[in-house]
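1. next one to model:
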Amino acid sequence: QVQLVESGGGLVQPGGSLRLSCAASGFALDSYAIGWFRQAPGKEREGVSYISRGGSTTSYAESVKGRFTASRDNAKNTVYLQMNSLKSEDTAVYYCATFYTYTEYVRGSAKTWGQGTQVTVSS
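-> Residues are numbered from 1 along each chain as shown. The predicted structure follows:
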C-alpha cells in the first residue's frame, strides 16, 4: 500500500522545538521531491517547505524561514521537518506530500498526501 505517514506532532510551548517525520511505505521516497504543508482552523492550506529529491535544494515560506529546516534520509525512506522557535501562529495540522517538480509543489498538485499530524504551540 502506497502511503505517507507523518509523526512527531504534539503540544509545545512558544519558543520550543519539534521534529516532524514523514515516512513512506510502498514506494521509494527518493523518486520524489517532498513538500510540507500546514492548515490551521479556518485558514487555507499553505506550503511551508520544499526539499528536492536529493535534498540539495530547499525552499521555505517566509513565515518559517530561519526557523524550520527540511531534510531527508532516503536510506530510511523518511523526510524530516525540524521546527525551532515555534510560535502560536505555527499551530496547524502539518502534512507531507510527494511532487515531481517545484511547480507542482507551488500549485499543491501532489501525487500522494499524508494524513497529517497536529502541532499545537501554546503556553
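2. bridged to the residue most central in space within the chain, which residues?
-> With distances taken as C-alpha atoms, centre = their mean, Trp36 lies nearest the centre of the chain, 2.6 Å away. Trp36 has these beta-bridge partners by DSSP bridges: Ser49, Cys96.
3. Ser123 versus that one, what's the distance?
-> Going from Trp36 to Ser123 by C-beta to C-beta, to the nearest Å gives 24 Å. C-beta here means a position set from N, CA and C on the backbone, and glycine is covered the same way.
4. cool, and Phe99?
-> Here the distance between Phe99 and Ser123 works out to 35 Å (C-beta to C-beta).
5. between the two, tell me which one has more neighbours.
-> A count of neighbours by other C-beta atoms under 10 Å puts Phe99 above the other of Phe99 and Ser123, at 23 against 8.
6. what sits against the more buried one?
-> Counting by C-beta atoms under 8 Å, 6 or more residues apart in numbering, Phe99 makes contact with 32-35, 50, 105, 109-111.
7. and Glu46, by the same measure?
-> Neighbours of Glu46 in contact, by C-beta under 8 Å, 6+ apart: 37-39, 61.
8. mind doing that once more with 6 Å?
-> Applying C-beta atoms under 6 Å, 6 or more residues apart in numbering to Glu46 gives no contacts.
9. rewinding a little: in ChimeraX, select just the buried ones from the contacts of Phe99.
-> Those of the contacts of Phe99 that count as buried under 16 or more other C-beta atoms under 10 Å are selected in ChimeraX with:
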select :32,33,34,35,50,105,110
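10. same list (the contacts of Phe99) but as TSV, adding pLDDT.
-> Shown next, in TSV, are the contacts of Phe99 (pLDDT from 0 to 100):
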residue	pLDDT
Tyr32	96
Ala33	97
Ile34	97
Gly35	98
Tyr50	98
Tyr105	96
Ser109	94
Ala110	93
Lys111	90
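11. including distance to Ala23 and secondary structure, could the contacts of Phe99 go into TSV?
-> Below are the contacts of Phe99 laid out as TSV (distance: C-beta to C-beta, whole Å; DSSP: H, G, I helix; E, B strand; the rest coil):
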residue	distance to Ala23	secondary structure
Tyr32	13	coil
Ala33	16	strand
Ile34	11	strand
Gly35	15	strand
Tyr50	18	strand
Tyr105	19	helix
Ser109	22	coil
Ala110	16	coil
Lys111	16	coil
